[in-house]
Every structure is written in structure tokens, then in C-alpha cells.
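>>> Here is a sequence together with a model predicted from it:
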Amino acid sequence: MPNPSRVTRRLGLKTALAASVALPLSSTALPPEPASAREGQERPERQGGPLEVMSFNLRFAGTAEPHSWAARRPVMRRLLRREQPHVIGTQEGLHQQLRDIEADLGPSYDWIGTGRAGGSRDEFMAVLYDTRRLAPLEYDHFWLSDTPYLIASNTWSNAHIRMVTWVRFRDLRAGDREFYVLNTHLDNASQYARERAAALVAERVTGLARSLPVIVTGDFNVAAHGNPVYDTMLGAGLVDTWDAAAERGEAYGTFHGYGPLVPGGARIDWVLATPDVTVHRAAVNTYAPGGRFPSDHLPVQASLTPGQPGQPRSGTGEGPHDRAGRGRGGPGPVRP
């Protein structure tokens, strides 16, 4: 897990009530990777090369066949080893499921997250990262409600508790340039709750973007374009990396429910970024050997360069909640 002497966690809110967990951690639509990036082989890191970002709703680990976690895990392992993203914003992962993925990715990966009901309970909005490329400097969580720093709070008629995990990273391969990643999963049932959540996330993004580039990953449960949630996120100054990419793969609906893929379907999983992030490539990954999908969602990927190369920006040290009140952060990390 991150060394607490080097990683700042926002404290407060009776942290003993719940504890977050910070653990060490295709036939793909992207252009073919060199052989060194294939499964079982580590990709050589290039100084200042693009940052590979993935947003992936993992589908929580269940035992029901034919799509149990035991059946899906080998495909998930092959996909992630093949792609080797530098950062993955995950949704729906359960604690043991994330530990499985950590083990499958190997010692170069770590992750930060907490259960949305507090501690190891319920689903995580975990952020996984490649420690060869990225070092976390600061992280915390907030809940998508009227009381965002009350653990497990739910005031907008969400069908489920919803939250955000955010991390400020230093890019070790790009002149120690810093940037933020926010990862979330909006409600599946209530458009009202989604709109309120988008407004809260947008407020936080607006504050952060004054100091550093911001990347947002998530399952937003609405199609990109033509929905107030999408409009709100772009209204915060974010761009859709799919639209901004210089190169992109084939478009598919990102939720398939283990059914046939839908070309040009609803893209409900997004990677968004501030305009100071250059987007080289974007893709929806359709990896499913023998028809076996790793999840009921397709992962979305973006190859990015945050900020101006060679011109790292200094952060203010303020986290996403400072505008609403300093020192009201979420729970702290514990070892399992």
C-alpha cells in the first residue's frame, strides 16, 4: 500500500467508524501493441510516453453461472495483462475481487479505494495504478449526497449508495508532472440522483482544474450526448476523450449484459478530461475470447498526455472538498 509518510490522506469525520482500503496492489479496438506489451510481458516504459487510462465496470463478483467471477476472472486477467493500463478507474468491484485483480496484475500494481458502505463493505470505486509510472500523493473519497463527507450517505433517492474516489498522482516518467483522477459510478435508477451527482462532481472538478489537469472515469448510466448529466460534466470544462481523440476505434454500446455487442450503441462508460489533456487514442475494448466476456460492460480506454510536456504544474494541495470545508475527509486506509 502507499507509504503513509509520502501519501496525504484527508482526515476527520470520526475515521474509526469506517476504514477505507488502500492495497498494493484483447482483440482490442486500440491499434496493435508491440509484442513486449502482450500478455505476460511487461511494457517498457518510455520517458514521457502517453498515459494509458481505462474505465471499467467490473461487474461485482458473483457465483451465478454462466457468468460467475470464477468463470470471468481468467479472461479479466488476460485482458488487463495484455493492455497494462497505467491507471484504471473501476466500478462495482468487491473487496476480494479487487484483491484477486491485484494478484493477477502482479507486484507492479497497487490500488486505492473504500467500500461505498464504509470499509470493505459493498462495492468499491477503486483506482488501480502502475507503480512503475505513477506515485499517489493524496487521495480521499466523498459520497454523492447532500452530506458528501458522511460515509454511506444517500439523500437523493439513489437505488444504491454512490460515491467518488479521487487521487492526485505524480507521473514518474513525465518530469514528475501531477494530475488528478476522479472515479465514480452514478445511479442506475434515478435521473434526478444522476443529475444531482453530476452537479456535485462538476463542482469539485471545477475547483481542482484551477491547479492541475483532471481525468474523470466512470459508469454514468446515461448515454454520452443528449442527456443533462453529460451536459453538466462538459459544462464543468471537461472534454469527452472519445470525441477529442486524434484516433479512435470502432464504437460500441459499453453495456452489453453478456449479449450481442451493439455497434454505435449507448456509450455510458466515459473517460473525461480537462482541455489541457491531449488525447491521442480512444477505444472500446471488445476482448472476449471464445465469446467469454470479462464483465457485462466493455472497458473504455484512452491514451493521454496530461498538461504540456515538460511543463509540470504545481498543485495547491487542496483536495476536492476544500471548497465545501477543509478537514472533512473520508476514512483512512487499513491493511486487510
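Happy to help now that I have it.
>>> for the record, mean pLDDT for stretch 137-152?
When pLDDT is averaged over stretch 137-152, the result is 97.
>>> Put the alpha carbons of stretch 193-212 into CSV.
Presented in CSV, the C-alpha positions along stretch 193-212 are these (Å, rounded to 0.1, in the frame of the first residue of the first chain):
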residue,chain,number,x,y,z
ALA,A,193,-30.0,11.4,-8.5
ARG,A,194,-27.7,11.3,-11.5
GLU,A,195,-28.2,15.0,-12.2
ARG,A,196,-27.5,16.0,-8.6
ALA,A,197,-24.4,13.8,-8.6
ALA,A,198,-23.1,15.2,-11.8
ALA,A,199,-23.5,18.7,-10.4
LEU,A,200,-21.5,17.8,-7.3
VAL,A,201,-18.7,16.1,-9.2
ALA,A,202,-18.6,19.0,-11.7
GLU,A,203,-18.2,21.5,-8.8
ARG,A,204,-15.3,19.5,-7.4
VAL,A,205,-13.7,19.2,-10.9
THR,A,206,-14.0,23.0,-11.4
GLY,A,207,-12.1,23.6,-8.2
LEU,A,208,-9.4,21.1,-9.0
ALA,A,209,-8.8,22.2,-12.6
ARG,A,210,-7.5,25.6,-11.4
SER,A,211,-4.3,23.9,-10.3
LEU,A,212,-3.8,20.6,-12.2
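>>> And it, what's buried?
Residues of stretch 193-212 classed as buried: 193-209, 211-212 (neighbour count, 16 or more other Cβ atoms under 10 Å). For every residue, glycine as well, the C-beta is placed using N, CA and C.
>>> which residues in the stretch 101-250 of the chain form helices?
Here the stretch 101-250 of the chain has its helices, by DSSP state H, counting those that start in this stretch, at 191-208, 228-235, 241-244.
>>> Turn the ones you listed into TSV, including mean pLDDT and distance to residue 116.
Shown next, in TSV, are those (pLDDT from 0 to 100; distance: least, Cβ to Cβ, whole Å):
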stretch	mean pLDDT	distance to residue 116
helix 191-208	97	13
helix 228-235	98	19
helix 241-244	98	25
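>>> all strands of the stretch 101-250 of the chain, in order?
109-113, 127-130, 134-143, 163-171, 177-185, 214-219, 239-240, 247-248 (DSSP state E, counting those that start in this stretch).
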